[in-house]
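**Student:** Below: sequence and its predicted model.
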There are 2 protein chains.
Amino acid sequence: MSPPSRRPSMADVAARAGVSYQTVSRVLNQPGIVRPETRDRVLAAIAETGYTPNRAARALKTTRSSQIGLLTDGSSLFGPSETVTAIETAAREAGYSVLLTTVGSGVADPAAEPSPGSSLIGSGVDGILVVAAHEGMQPVVAAAASTIPVLAVSAQSPASSDAAVVGVDQRLGARSVVEHLARTGVRSIAHLAGPSDWFDARARLDGFVEGLEGQGLDGVATAPGDWTPRSGYELTRELLASGPPQALFAANDMMAIGALHALHEQGLRVPEDIAVVGFDDTDCAAYLTPSLTTVSQPFAELGRLALHRLLQLLEHPEEPGPPPAALAPRLVARGSTRPEHGTA
Amino acid sequence: MSPPSRRPSMADVAARAGVSYQTVSRVLNQPGIVRPETRDRVLAAIAETGYTPNRAARALKTTRSSQIGLLTDGSSLFGPSETVTAIETAAREAGYSVLLTTVGSGVADPAAEPSPGSSLIGSGVDGILVVAAHEGMQPVVAAAASTIPVLAVSAQSPASSDAAVVGVDQRLGARSVVEHLARTGVRSIAHLAGPSDWFDARARLDGFVEGLEGQGLDGVATAPGDWTPRSGYELTRELLASGPPQALFAANDMMAIGALHALHEQGLRVPEDIAVVGFDDTDCAAYLTPSLTTVSQPFAELGRLALHRLLQLLEHPEEPGPPPAALAPRLVARGSTRPEHGTA
DNA sequence: CACTCGGATGATAACGTTCACATCGAGGCG
DNA sequence: CGCCTCGATGTGAACGTTATCATCCGAGTG
């Protein structure tokens, strides 16, 4: 009596089109193999019944879910956000769905009960993409990597190379910041470090140190912050207590905003008295006062690349897989640093 | 020869524990009904084999996937980001996974081919949560709502009430901004409007107008912006060409940042010459110069509430479902507005 | 002491799909 | 003209789980 109480299945479509359910399956999966007239009849029946394939049944039979897991940090960071969007879009185009899982970067014991990662593994995703890699994700990555492909979107491989890696070259970005500052005449730089359990933060710190050595500059790195404006503000205040450097390089734009605030409080002018550089090129960087010199990262491209590499890992497991890839960041000079000298 | 070539199934566990696979199923789903000794034996076998339930098979049999769809805007906005995280966490605690789908707010034709929403529906989620509701999601919501429960996390019901609604009271927030400004002595306010196809933006505009009427103030709203600092900057420049108002109320913090930049360029002091208010209480709002008066929204609570309401809709379909809920936002007065007068 | 009752467990079927194989007609070639 | 091949479609089985019913055993009861 209630006709559409159940979702239409292949059998319903087949009955309507006067073929067997196997033919319906063929129309969906290998359209070329079925006679055009038959195919049209089946397609019409599909449209009439409003049939959509049952993904659970398909996953059960094929042992592939067409879903990938996305392991990301719980905080609303700019970079991860952009990357996630790009990944999801690319995944959808490739016929995959994205299962989102967040894992706090807090100091929660690594072996927490309803582990965020174990639920991902258990949910039957075909592969996992780790977006904002930090130490807290280690156990999850290690556990998953033995079962399914895992690709980290990060500066460097999480510890051992449990996972393949695609990322933006953070060291290069940090070095280019130091070089830019050197060309503006700065001789001493302080780095407001990011959280030390984040791989990207470590790589930026490394690049900072390399840059100092390469340019022969003085420099110091603060204790690790936590990406927030508040930590940038507080680290800057501590730093100023012992005499200001000529430039401040914050691990990201948010910390740079906090730094700008602290500098303004102390009556220091940017960039006349002290230069400030951020990292990420957040939407608002260009509209701060002064506008913020920062490092722009190709997050969208990164997301697409990461997804396609993961799919390659999934669909051609035999091939060794491409080597780690690193995209190039780009320094964007704005008002918070002084203009570069004509020639070095 | 290759023992673990296949994921262990219930049958493997059952063989190891010396019971039938049905007993394994019972241990997992109704532990109380099975004899303690048997249960322990099965649990041990599960641990030894590393068994995890096959969700596809379970979904196929029960016709419930334990996955919910999350339809959100593709842009990296602050509010949605926080809400999404809260939803995911709450969902995981309740045993659900979250399938993320983004839909651009661009003017893409509403009937685009590989519609973002149709893929969600087809993927067999049990319900859908719409996070940053705008017109572009209408067709998706309408299509899905006839099949499965849909809950909008938004200011007001998308057009017809295809979906239940949970949200933060945006009108109240906007009214409280006007009232706050009035108490600081402001008599005329301009509103930098958000995109008109976003329900939250419309509600803020409505609240602004209501507030003006309630306080007997003068006011004007600009053409719609797009949430970005750039649009805030440009709208403010246009506005200043025809004489500055006494206060600027931006539809969100990012647009307020753009506005601050434009005001600074014109040599106007904030808040002495003109007051500025944002919306959202972004992390960086407190660390701008001057620090930004804005409206704080309980995004985390919103996410949790939305998820629990959706689950109620899923698990008790017979009940009529709770009425639309609106959480209260909170005005946070900072340096970009002048102090309130002692008494009205 | 037979009979019933309830707790604990096993056997069978079904969910909707894809894979492997069987079937069937049409055409080519000896 | 019969056999073989090939393209197009149908039939049976299986993926791993849960729902339903059947079975078994011991304990209670008249």
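**Tutor:** Okay, I see it.
**Student:** A:Ser66 reaches A:Val98, doesn't it?
**Tutor:** No: using Cβ atoms under 8 Å, A:Ser66 is not in contact with A:Val98; the gap is 10.6 Å. Backbone N, C-alpha and C define where each C-beta goes, glycine included.
**Student:** Just the buried residues of stretch A:243-250, please?
**Tutor:** Buried residues in stretch A:243-250, counted by 16 or more other Cβ atoms under 10 Å in any protein chain shown: A:Pro244, A:Pro245, A:Gln246, A:Ala247, A:Leu248, A:Phe249, A:Ala250.
**Student:** typo on my end, stretch A:305-325
**Tutor:** Buried residues in stretch A:305-325, counted by 16+ other Cβ under 10 Å: A:Leu305, A:Ala306, A:Leu307, A:His308, A:Arg309, A:Leu310, A:Leu311, A:Gln312, A:Leu313, A:Leu314.
**Student:** now the end-to-end length of it.
**Tutor:** With Cα to Cα, to the nearest Å as the measure, stretch A:305-325 spans 9 Å from end to end.
**Student:** what about A:Val168, neighbour count?
**Tutor:** By the criterion of other Cβ atoms under 10 Å in any protein chain shown, A:Val168 has 26 neighbours.
**Student:** same question, A:Phe299
**Tutor:** So A:Phe299, with other Cβ under 10 Å, has 24 neighbours.
**Student:** Which strand or helix spans the closest residue to A:His308 other than its chain neighbours?
**Tutor:** Nearest non-adjacent residue to A:His308, counting by Cβ to Cβ, 6 or more residues apart in numbering or on different chains: A:Ala90, 6.8 Å away. Per DSSP states H and E, A:Ala90 falls inside helix A:78-93.
**Student:** Which parts of chain A are helices?
**Tutor:** Assigned by DSSP state H, chain A shows helices spanning A:10-17, A:21-29, A:36-49, A:55-62, A:78-93, A:116-122, A:138-145, A:170-183, A:199-215, A:229-241, A:253-265, A:299-315.
**Student:** comparing those helices, which gets the lowest mean pLDDT score?
**Tutor:** With a mean of 63, helix A:116-122 has the lowest mean pLDDT of the helices of chain A.
**Student:** ok, back up a step: please identify which of A:Ser66 and A:Val98 sits among more neighbours.
**Tutor:** Neighbour tally, A:Ser66 and A:Val98, criterion other Cβ under 10 Å: the higher count belongs to A:Val98, 24 against 17.
**Student:** For burial, what's the neighbour tally of the closest residue to A:Leu100 other than its chain neighbours?
**Tutor:** Among residues not flanking A:Leu100 along the chain, B:Leu100 sits closest, at 4.4 Å (Cβ to Cβ, 6+ apart). For B:Leu100, the count of nearby residues is 24 (other Cβ under 10 Å).
**Student:** Provide the partner residues of B:Leu100 in its beta bridges.
**Tutor:** Legend: beta-bridge partners of B:Leu100 under DSSP bridges are A:Val98, B:Leu70.
**Student:** Can you check the pLDDT for it?
**Tutor:** At B:Leu100, the pLDDT value in this model is 92.
**Student:** wouldn't it be in contact with B:Thr72 here?
**Tutor:** Yes: in terms of Cβ under 8 Å, B:Leu100 counts as a neighbour of B:Thr72; the distance is 7.1 Å.
**Student:** any common contacting residues for these two?
**Tutor:** B:Val84 (Cβ atoms under 8 Å, 6 or more residues apart in numbering or on different chains).
**Student:** domain parsing for chain A?
**Tutor:** A:3-53, A:66-168+A:299-326, A:170-297 (automatic domain parsing).
**Student:** Which stretch among those domains approaches B:His180 most closely?
**Tutor:** domain A:170-297 (22.3 Å; Cβ to Cβ).
**Student:** so how far is stretch A:34-44 from its chain's centroid?
**Tutor:** From the chain centre to the centre of stretch A:34-44 is a distance of 43 Å (Cα atoms, centre = their mean, to the nearest Å).
**Student:** Let me have the domains of chain A in TSV, adding distance to B:Ala256 as columns.
**Tutor:** Output for those, formatted as TSV (distance: least, Cβ to Cβ, whole Å):
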stretch	distance to B:Ala256
domain A:3-53	44
domain A:66-168+A:299-326	17
domain A:170-297	10
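**Student:** B:Arg338 is nearest to which of these?
**Tutor:** domain A:170-297 (18.8 Å).
**Student:** Spell out which parts of the stretch 51-200 of chain A neighbour DNA strand C.
**Tutor:** For the stretch 51-200 of chain A, the contact set with DNA strand C under Cβ under 7 Å from any atom of the strand comprises A:Tyr51, A:Pro53, A:Asn54, A:Ala57, A:Arg58, A:Leu60, A:Lys61, A:Thr62.
**Student:** what pLDDT does the residue nearest to A:Ser81 when sequence neighbours are not counted get?
**Tutor:** Closest residue in space to A:Ser81, ignoring its immediate chain neighbours: B:Ser76 at 3.7 Å, by Cβ to Cβ, 6+ apart. On pLDDT, B:Ser76 comes in at 72.
**Student:** okay, now B:Ser76: neighbour count?
**Tutor:** B:Ser76, neighbours per other Cβ under 10 Å, totals 20.
**Student:** Likewise for the one 5 residues further on?
**Tutor:** As a burial measure, B:Ser81 scores 23 neighbours (other Cβ under 10 Å).
**Student:** Surely it touches A:Asp73?
**Tutor:** No: contact criterion Cβ under 8 Å: B:Ser81 and A:Asp73 do not qualify, at 10.9 Å.
**Student:** For these two, list the residues in contact with both.
**Tutor:** By Cβ under 8 Å, 6+ apart, no residue touches both B:Ser81 and A:Asp73.
**Student:** hmm, back to that, give me whichever of the helices of chain A is most buried.
**Tutor:** Comparing those by mean neighbour count (mean count of other Cβ atoms under 10 Å in any protein chain shown), helix A:253-265 comes out on top with a mean of 26.
**Student:** Which secondary structure elements does it sit against?
**Tutor:** On a contact count with 3 or more Cβ pairs under 8 Å, 6 or more residues apart in numbering or on different chains; DSSP states H and E, helix A:253-265 meets strand A:188-192, helix A:229-241, strand A:247-250, strand A:275-277.
**Student:** Now tabulate those in JSON lines and tack on distance to DNA strand D.
**Tutor:** JSON lines is the format used below for the helices and strands packed on helix A:253-265 (distance: least, Cβ to the nearest atom of the strand, whole Å):
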{"stretch": "strand A:188-192", "distance to DNA strand D": "49"}
{"stretch": "helix A:229-241", "distance to DNA strand D": "45"}
{"stretch": "strand A:247-250", "distance to DNA strand D": "49"}
{"stretch": "strand A:275-277", "distance to DNA strand D": "53"}
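**Student:** Of those, give the one that comes closest to chain B.
**Tutor:** Nearest to chain B among these is helix A:229-241 (3.9 Å), distances taken as Cβ to the nearest Cβ.
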